[in-house]
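Trainee: A structural model of the following input is requested.
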Amino acid sequence: LDDNRSRPLHFAGRASCNDCHEEINDLKARNAHANIGCESCHGAASAHIDDPNVVIPVKLDPLKLCVTCHLANPAKPKAFPQIEPKEHYDGACKDCHDPHAPK
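Mentor: Residues are numbered from 1 along each chain as shown. Next comes the predicted model:
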(Lines give C-alpha, C1' and ligand atoms only; values in the text may rest on other atoms or scores of the structure.)
Protein backbone atom coordinates (compact mmCIF):
# COMPACT_ATOMS: atom_id res chain seq x y z
CA LEU A 1 0.00 0.00 0.00
CA ASP A 2 2.81 2.41 0.77
CA ASP A 3 4.21 1.83 -2.73
CA ASN A 4 0.84 2.70 -4.24
CA ARG A 5 0.47 5.78 -2.03
CA SER A 6 3.88 7.04 -3.14
CA ARG A 7 2.83 7.24 -6.79
CA PRO A 8 1.59 10.59 -8.10
CA LEU A 9 -2.14 11.04 -8.53
CA HIS A 10 -3.36 11.38 -12.09
CA PHE A 11 -7.11 11.43 -11.62
CA ALA A 12 -8.72 14.32 -9.79
CA GLY A 13 -12.21 12.93 -9.34
CA ARG A 14 -15.59 14.26 -10.39
CA ALA A 15 -15.91 16.60 -7.40
CA SER A 16 -12.78 18.48 -8.48
CA CYS A 17 -14.25 19.07 -11.95
CA ASN A 18 -17.52 20.30 -10.47
CA ASP A 19 -15.76 23.05 -8.53
CA CYS A 20 -15.27 25.01 -11.77
CA HIS A 21 -17.66 23.31 -14.19
CA GLU A 22 -20.84 23.14 -12.13
CA GLU A 23 -23.05 24.03 -15.12
CA ILE A 24 -21.80 20.94 -17.00
CA ASN A 25 -22.42 18.77 -13.95
CA ASP A 26 -25.97 20.15 -13.62
CA LEU A 27 -26.64 19.43 -17.31
CA LYS A 28 -25.18 15.93 -17.10
CA ALA A 29 -27.11 15.15 -13.92
CA ARG A 30 -30.38 15.31 -15.88
CA ASN A 31 -29.24 13.14 -18.79
CA ALA A 32 -28.09 9.71 -19.87
CA HIS A 33 -24.41 10.29 -19.02
CA ALA A 34 -25.15 11.35 -15.41
CA ASN A 35 -23.24 8.42 -13.89
CA ILE A 36 -20.18 8.69 -16.13
CA GLY A 37 -17.25 10.53 -14.56
CA CYS A 38 -15.68 13.44 -16.41
CA GLU A 39 -12.29 11.77 -16.61
CA SER A 40 -13.79 8.71 -18.31
CA CYS A 41 -14.07 10.81 -21.46
CA HIS A 42 -11.68 13.71 -20.88
CA GLY A 43 -8.79 11.76 -19.36
CA ALA A 44 -6.89 12.21 -16.11
CA ALA A 45 -7.24 15.77 -14.87
CA SER A 46 -5.11 16.19 -11.76
CA ALA A 47 -2.59 18.37 -13.63
CA HIS A 48 -5.44 20.59 -14.86
CA ILE A 49 -6.81 20.90 -11.32
CA ASP A 50 -3.34 21.86 -10.06
CA ASP A 51 -2.86 24.51 -12.78
CA PRO A 52 -6.10 25.11 -14.73
CA ASN A 53 -4.79 28.05 -16.76
CA VAL A 54 -1.79 26.17 -18.15
CA VAL A 55 -2.87 22.54 -18.42
CA ILE A 56 -5.99 22.32 -20.59
CA PRO A 57 -7.55 18.88 -21.10
CA VAL A 58 -7.61 17.74 -24.69
CA LYS A 59 -11.04 17.70 -26.29
CA LEU A 60 -11.25 14.19 -27.63
CA ASP A 61 -12.66 13.19 -31.01
CA PRO A 62 -16.26 12.27 -30.18
CA LEU A 63 -16.55 9.91 -33.15
CA LYS A 64 -13.72 7.77 -31.79
CA LEU A 65 -14.68 8.24 -28.14
CA CYS A 66 -18.43 7.62 -28.40
CA VAL A 67 -18.07 4.33 -30.24
CA THR A 68 -15.97 3.05 -27.34
CA CYS A 69 -19.28 2.50 -25.54
CA HIS A 70 -21.91 2.80 -28.26
CA LEU A 71 -20.57 0.60 -31.06
CA ALA A 72 -23.22 -1.98 -31.89
CA ASN A 73 -22.59 -5.31 -30.23
CA PRO A 74 -25.13 -8.13 -29.90
CA ALA A 75 -23.82 -8.88 -26.40
CA LYS A 76 -25.01 -5.50 -25.10
CA PRO A 77 -28.52 -5.09 -23.70
CA LYS A 78 -31.01 -4.14 -26.43
CA ALA A 79 -32.07 -1.01 -24.50
CA PHE A 80 -28.50 0.36 -24.50
CA PRO A 81 -28.04 2.94 -27.30
CA GLN A 82 -25.87 1.34 -29.97
CA ILE A 83 -24.83 2.47 -33.43
CA GLU A 84 -23.07 1.19 -36.47
CA PRO A 85 -21.06 4.35 -37.30
CA LYS A 86 -21.06 3.96 -41.10
CA GLU A 87 -24.84 3.51 -41.10
CA HIS A 88 -25.64 6.07 -38.40
CA TYR A 89 -23.82 9.18 -39.67
CA ASP A 90 -20.46 9.87 -41.27
CA GLY A 91 -19.83 13.19 -39.51
CA ALA A 92 -19.00 13.87 -35.88
CA CYS A 93 -21.34 12.71 -33.09
CA LYS A 94 -21.40 16.23 -31.68
CA ASP A 95 -23.00 17.49 -34.89
CA CYS A 96 -26.29 16.06 -33.57
CA HIS A 97 -25.62 15.10 -29.94
CA ASP A 98 -24.39 17.12 -26.99
CA PRO A 99 -22.16 14.62 -25.13
CA HIS A 100 -23.22 16.10 -21.79
CA ALA A 101 -26.92 15.81 -22.72
CA PRO A 102 -27.20 13.09 -25.40
CA LYS A 103 -30.51 12.15 -27.03
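Trainee: how about the spatially most central residue of the chain, what does it touch?
Mentor: The residue lying closest to the centre of the chain (Cα atoms, centre = their mean) is C41, at 2.5 Å. Residues in contact with C41 (Cβ atoms under 8 Å, 6 or more residues apart in numbering) are L60, L65, P99. (Each C-beta comes from the backbone N, C-alpha and C, glycine too.)
Trainee: put the buried members of those residues into a PyMOL selection.
Mentor: Restricted to buried positions by 16 or more other Cβ atoms under 10 Å, the PyMOL selection for the contacts of C41 reads:
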select buried, resi 65+99
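Trainee: looking at the contacts of C41, spot the one nearest P8.
Mentor: P8 lies nearest to L60 out of the contacts of C41, by Cβ to Cβ, at 22.4 Å.
Trainee: so that closest one is in contact with H42, correct?
Mentor: Yes - here L60 reaches H42: they are 6.9 Å apart, a contact under Cβ atoms under 8 Å.
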